[in-house]
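S.K.: need a 3D model of the sequence below.
(2 chains, ligands or ions: 2)
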Amino acid sequence: MSVLDIQRVSKRFGSLIAVQDVSLNVQKGELRAIIGPNGAGKTTFFNLISGFFAPTAGTIAFDGRDITSMPASQRVTLGMARTFQITEIFPELSVFENVRIGAEVAAGFRLRPWISRAEKTEVDRRVTDTLKLTGLESKADRRVGELAHGDQRAAEIAMALALQPHLLLLDEPTAGMGDEETYAITQLVRRLHRDSNFTIVLIEHDMRVVFHLADRITVLDQGKLLAEGTPAEIAANDAVQAAYLGKAA
Amino acid sequence: MSEPVKTSLSLKHLRALGSQYRGIALVAIWAVLLLAPYWMPPLGGYTALGTRVLVLGLAAMSVNFLLGFTGVLSFGHAAYFGLGAYGAGFALKFLAPSTPLSILCGMLLGGVIGAVLGALIVRRRGVYFAMVTIAFGQVFYYIAFQWSSVTGGDDGLRGFSRQPLDFGLFTIDILSNSNAFYYFVLFCFAIAVGVMGFILRSPLGRTMIAIRENERRARFLGIPVERHIWIAFTLSCFFIGFAGALYALVNNFADPRGLHYSQSGDFVMMAVMGGMRTFWGPLLGAAVFVVLQDYLSSVTINWMSFVGLLFVLVVLFFPRGLLGFIGTKREQ
Ligand SMILES: Nc1ncnc2c1ncn2[C@@H]1O[C@H](COP(=O)(O)OP(=O)(O)O)[C@@H](O)[C@H]1O
Ligand SMILES: [Mg+2]
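M.R.: Residues are numbered from 1 along each chain as shown, chains lettered A, B, ... in the order given. Ligands and ions are numbered 1, 2, ... in the order given. Have a look, this model is predicted:
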C-alpha cells in the first residue's frame, strides 16, 4: 500500500519553477532518500508534501486520501511529521517540554484546558520513551537552546516522533554535523526504520548515509525528477553521475 | 562521560529549590494581597488604591496572557476592558440592581465582541496584528464618545452604583465599606487569576507557549496556530472584560477614555515593566503604575512623563521586567 502518492506536482515562485512535474510513490515501511544538488528543489518538495504551501499543479495523496490543499496542522493529525533543514525547536523550553507538546497533540489534548493525573502519567511515559529512543533521556531537563547542535537535531526528531506518526519526513538531519554526530543520527534513523517500522522520506546530502540507509533513492535536479531506483541503480546511473555524484566527487 | 550525570543531579537539585522558592513566593504574594487593608494605611496608602491595583493588574495580566504567553501583542485591549465596564454599567442601570449580574454582563460583552473581532485578525502577525487591534479598539472609543444618548458620551456612563451582595440570609455592603469591597474584588481577582494559571499549566496553555516560542514548529506539530491564537485572544478578552466590569464597580462610572488605545498602551506598559515572561509581573507593573500615578498626580500634572521615564529605565536596565529580573528565567 502506498503511504505517499504524489502525481506531477509543480511549484512556481514567480518566474522560478522550484519543483516541476515531480511524481513520487512511497510504500509502507519504505525508507526513501531524496538527493540532488543544492537548490534542486528538495526542501520545496518537502514543503509541498507537508503543506507548508500548496502546489501550483499536481496532486498529493497520503494513505490514499487527497491532501493536496489540506492545512499543514491537519496533515500532522493524519500521521505525517517532519523536521526542518534549519532546526526548528522551542529554544526556551526544556527537552522534555519540547517533546511533550507533540505527545499531547497526538493524545488529542491540544484544546484541553485540563489534564487528569492518569493522562499526565501516560503522556509523561510517552515522552520518556521517545527520549530514550533518541538518546536524550539524560538531557530531559536541559533547555534545548543550550544543547549542542547534534542534540538539537535529535530533539527535533524526538518532537516529531512524539506525534506517533506513520510517515516521517526528515530534511537533512545530519546537516552541519561532525562524523560522530552523523553516525549517531544515522543509527537512530536506521533503528526507526528497521525496528520501529516507520515509513521515512529522507533528504540527505551525505552519500554515505544515503547509500547506507535507503531502500530507494529519488534524484532531483533543477526542480525535475532526474532518476529513481535502488541505491545500486542510482550509483550506476550516468545522468546522476553527471549531474550530481560526479560534481560531488 | 560521567559529567552529564553530575549536571543532571545538580539540575534536579536546583529545580527542587526553584519550586520550593516559587511556593514561598506564591504564599508571600497572597499574604500581601490578603493583608493589604492592614499594611497599606500605615504606609500612607488607602484601601481603594489596593482595589485599583487589583483591577488594573488583572487587566494587565489579561493582556499578558496574550503577549507573554502566546507571543501576540494586542494594542487594543482597552476596548474589551471598556466594553466590560459599559456592560456592567448598562446592566446595573437598565437590567437589575445586581453586582454579580453586572460583572457577568460586562465580561460577556467584552468577551463576545473580542471573540468576533478576534476571528477577523488572527491571520495577521506582529505590527500588523497590533495595528488592527488598535483600529478596532478605536472604533469602540468613538462609538462610546459619540453615541451620547446611550453611553453618556464624553461624560461617561453614570447613574449606577455597585449593589450590596445579597446572600439571602445576610448582605454584604460593598458600596460604603471599602474593606469589604476590596475583599470582594480580591475574591474575583483570585478566581480569574486561578483560571488563568490553570489554563497555562494545561495542554491548551502549552500550545500557546509553543506558538510563542516557534510558530512554525507549533504548526508542524499539528497545532492549527490561527485557531489557538483566536482562543487565547478570546480568553484574554473575557478576562479583561471581567476586569473592566470590576473597574466600573470601582468607579461607579464607565469612562470612554477607558476604551482609548492609550489605555491599551498603559496595560502593555504595566506588563512589560513588571515582566511579561512572568505570571505575576503585570500585577507588580500595575502596582508601580497606580502608586506612582496616585502620588505624582497630586504633585505634577506631568506625572505621565515620570512614569514614562521609569518605564524607559526599567526596559534599559531590567529587560526582563522587574519581576523577570528577580525570578528565574523559566516559567512553569
Ligand atoms: N519560499 C520561497 N520563495 C522563493 N523561492 C524559493 C522559496 N523556497 C525555495 N525557493 C527557491 O527554490 C529553489 C529550490 O530551493 P530548495 O527547495 O530549498 O532546494 P534544496 O532544498 O534542494 O537545496 C531555490 O532556487 C530557492 O531559492
Ligand atoms: Mg534544502
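
S.K.: could I get the full set of strands for chain A?
M.R.: Applying DSSP state E to chain A gives strands spanning A:2-13, A:16-27, A:31-35, A:57-62, A:65-66, A:80-82, A:167-171, A:199-203, A:216-221, A:224-229.

S.K.: so which of those strands gets nearest residue B:59?
M.R.: Closest of these to residue B:59 is strand A:80-82, at 39.6 Å (criterion: CB to CB). C-betas here are computed from N, CA, C, even on glycine.

S.K.: which bits of chain A sit near ligand 2?
M.R.: A:42, A:43, A:85 (CB under 5 Å from the ion).

S.K.: how about TSV for the strands of chain A, with mean neighbour count and distance to chain B added?
M.R.: Formatted as TSV, the strands of chain A follow (neighbours: other CB atoms under 10 Å in any protein chain shown; distance: least, CB to the nearest CB, whole Å):
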stretch	mean neighbour count	distance to chain B
strand A:2-13	18	17
strand A:16-27	18	19
strand A:31-35	25	18
strand A:57-62	18	14
strand A:65-66	11	16
strand A:80-82	27	6
strand A:167-171	25	9
strand A:199-203	24	15
strand A:216-221	23	22
strand A:224-229	18	25
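
S.K.: one step back: inside helices: which ones of the residues of chain A next to ligand 2?
M.R.: Using DSSP state H, the members of these that fall in helices are A:42, A:43.

S.K.: on that earlier part again, now render the strands of chain A as TSV, adding distance to residue B:66 and mean pLDDT.
M.R.: Output for the strands of chain A, formatted as TSV (distance: least, CB to CB, whole Å; pLDDT from 0 to 100):
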stretch	distance to residue B:66	mean pLDDT
strand A:2-13	33	96
strand A:16-27	36	96
strand A:31-35	40	97
strand A:57-62	34	97
strand A:65-66	35	96
strand A:80-82	28	97
strand A:167-171	32	97
strand A:199-203	36	97
strand A:216-221	42	95
strand A:224-229	46	94
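
S.K.: for residue B:122, find the nearest of these.
M.R.: That would be, of the strands of chain A and by CB to CB, strand A:80-82, which comes in at 23.7 Å.

S.K.: who touches that closest one?
M.R.: Contacts of strand A:80-82 from elsewhere in the structure, counted by CB atoms under 8 Å, 6 or more residues apart in numbering or on different chains, are A:46, A:49-50, A:62, A:102, A:160-161, A:163, A:165, A:167-171, B:220-221.

S.K.: distance between the host helix or strand of residue B:248 and the chain's centre?
M.R.: Assessed by DSSP states H and E, residue B:248 sits inside helix B:225-251. The gap between where helix B:225-251 is centred and where its chain is centred comes out at 8 Å by CA atoms, centre = their mean, to the nearest Å.

S.K.: is it up against chain A anywhere?
M.R.: Yes. Figure legend: helix B:225-251 in contact with chain A (CB under 8 Å from any CB of the partner chain); contacting residues B:225, B:228, B:231.

S.K.: which one is whichever residue of chain A sits closest to chain B nearest to, not counting chain neighbours?
M.R.: Per CB to the nearest CB, residue A:76 is where chain A lies closest to chain B, at 3.3 Å. The shortest distance from residue A:76 to any non-neighbouring residue, by CB to CB, 6 or more residues apart in numbering or on different chains, is to residue B:222 (3.3 Å).

S.K.: which bits of the stretch 1-150 of chain B sit near ligand 2?
M.R.: Where proximity means CB under 5 Å from the ion, the stretch 1-150 of chain B presents no interface facing ligand 2.

S.K.: quick one: the helices in the stretch 1-150 of chain B?
M.R.: B:3-34, B:36-39, B:47-67, B:78-90, B:99-121, B:126-146, B:148-151 (DSSP state H, counting those that start in this stretch).

S.K.: for the fifth one, packing partners?
M.R.: The one in question is helix B:99-121. Applying 3 or more CB pairs under 8 Å, 6 or more residues apart in numbering or on different chains; DSSP states H and E, one finds that helix B:99-121 contacts helix B:78-90, helix B:126-146, helix B:225-251.

S.K.: residue ranges with poor pLDDT in the chain?
M.R.: Defaulting to chain A. A:244-249 (pLDDT under 70).

S.K.: wait, chain B was what I had in mind.
M.R.: B:1-18, B:326-332.

S.K.: tell me the contacts of the residue nearest in space to the middle of it?
M.R.: Centre of chain B computed as the mean C-alpha position; nearest residue by CA atoms, centre = their mean is residue B:59, 2.1 Å away. Residue B:59 is in contact with B:77, B:81, B:240, B:243, B:244, B:247, B:267, B:286, counting by CB under 8 Å, 6+ apart.

S.K.: so what's the residue count around the nearest residue to it once chain neighbours are set aside?
M.R.: Nearest residue to residue B:59 in three dimensions, chain neighbours excluded: residue B:243, at 4.1 Å (CB to CB, 6+ apart). For residue B:243, the count of nearby residues is 32 (other CB atoms under 10 Å in any protein chain shown).

S.K.: against residue B:182, how distant is residue B:243?
M.R.: 15 Å (CB to CB, to the nearest Å).

S.K.: go on, residue B:280?
M.R.: Relative to residue B:182, and taking CB to CB, residue B:280 is found at 19 Å.

S.K.: in the stretch 51-200 of chain B, what residue comes closest to ligand 2?
M.R.: Using CB to the ion, the single residue of the stretch 51-200 of chain B nearest to ligand 2 is residue B:125, 24.4 Å away.

S.K.: same question, chain A
M.R.: Closest point on chain A to ligand 2, by CB to the ion, is residue A:43, at 3.2 Å.

S.K.: which ones are touching that residue?
M.R.: Contacts of residue A:43 (CB under 8 Å, 6+ apart): A:85, A:171, A:203.

S.K.: residue B:187 is in what secondary structure piece?
M.R.: Assigned by DSSP H and E, residue B:187 falls in helix B:178-200.

S.K.: please parse chain A into its domains.
M.R.: A:1-79+A:166-249, A:89-164 (automatic domain parsing).

S.K.: which stretch among those is buried most, on average?
M.R.: Stretch with highest mean neighbour count among those: domain A:89-164 (a mean of 20; mean count of other CB atoms under 10 Å in any protein chain shown).
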